[in-house]
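> structure, please.
(2 chains)
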There are 2 protein chains.
Amino acid sequence: MEAAISTLITEFKKYAGKDGSSSTLSKDEFQSLVSSQLSHFVKNASDPGTIDQLMGSLDENNDGELTFTEFWQLIGKVACQQGCFSQ
Amino acid sequence: MEAAISTLITEFKKYAGKDGSSSTLSKDEFQSLVSSQLSHFVKNASDPGTIDQLMGSLDENNDGELTFTEFWQLIGKVACQQGCFSQ
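Numbers count the residues shown, from 1 in each chain, chains lettered A, B, ... in the order given. Got it, this is the predicted structure:
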């Protein structure tokens, strides 16, 4: 599990570091991450409307940037859709 | 990222399925998971006091079982300690 967690942190940082604040995801960075890394788990991952909606639902303090904690909530929801309630 | 997420789900299910409800972690299952899978990330992972404290802080509905969502909050906190605020 620790290797998997490290992978998620590393990938988050890779995308968060592309522009602006290196510890948060801008909308462009979030779109890039979702469309390239979560394309099977997030439906219509390359649709701008999907990205707007996800970003709005996750950005709790509404500052246009996603922190790791905010991003983590998305992964949790996505993970649940993949299986946590399917038993 | 999707492979890493799948790994976390699979491992959660493996431990959750050991006794009782197969979709939640009992305290024994949680202790077994933390001590064998998160021993580097969680300090004093094999100490019963640590497990009690973590379990109490995570079990939001206080039923003695951790759902995947509750467990996910722990992983998020652990992940943050590993790096999300260290930049």
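
> only C-alpha atoms from now on, for both contacts and neighbour counts.
Will do.

> enumerate the residues of chain A near chain B.
Residues of chain A lying close to chain B by C-alpha under 8 Å from any C-alpha of the partner chain are A:1-2, A:4-9, A:11, A:22-23, A:37-38, A:40-41, A:68-69, A:72, A:75-76, A:79-80, A:83-85, A:87.

> what subset of those residues is buried?
Neighbour-count burial (16 or more other C-alpha atoms under 10 Å in any protein chain shown) applied to these gives A:1-2, A:4-5, A:7-9, A:23, A:37-38, A:41, A:68-69, A:72, A:75-76, A:79-80, A:84.

> count of residues packed around A:Leu66?
As a burial measure, A:Leu66 scores 24 neighbours (other C-alpha atoms under 10 Å in any protein chain shown).

> quick one: contacts for it?
Residues counted as contacts of A:Leu66 (C-alpha atoms under 8 Å, 6 or more residues apart in numbering or on different chains) are A:24-26, A:30, A:55, A:58-59.

> mind listing the helices for chain A?
Counting by DSSP state H, chain A has helices at residues A:2-16, A:27-37, A:48-58, A:68-79.

> could I get these as JSON lines with mean pLDDT?
Converted to JSON lines, those look like this (pLDDT from 0 to 100):
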{"stretch": "helix A:2-16", "mean pLDDT": "94"}
{"stretch": "helix A:27-37", "mean pLDDT": "94"}
{"stretch": "helix A:48-58", "mean pLDDT": "87"}
{"stretch": "helix A:68-79", "mean pLDDT": "86"}
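
> out of those helices, flag the one nearest B:Asp47.
Closest to B:Asp47 of these is helix A:2-16 (C-alpha to C-alpha; 18.8 Å).

> just checking, A:Lys13 touches A:Ser23?
Yes - using C-alpha atoms under 8 Å, A:Lys13 is in contact with A:Ser23, at 6.8 Å.
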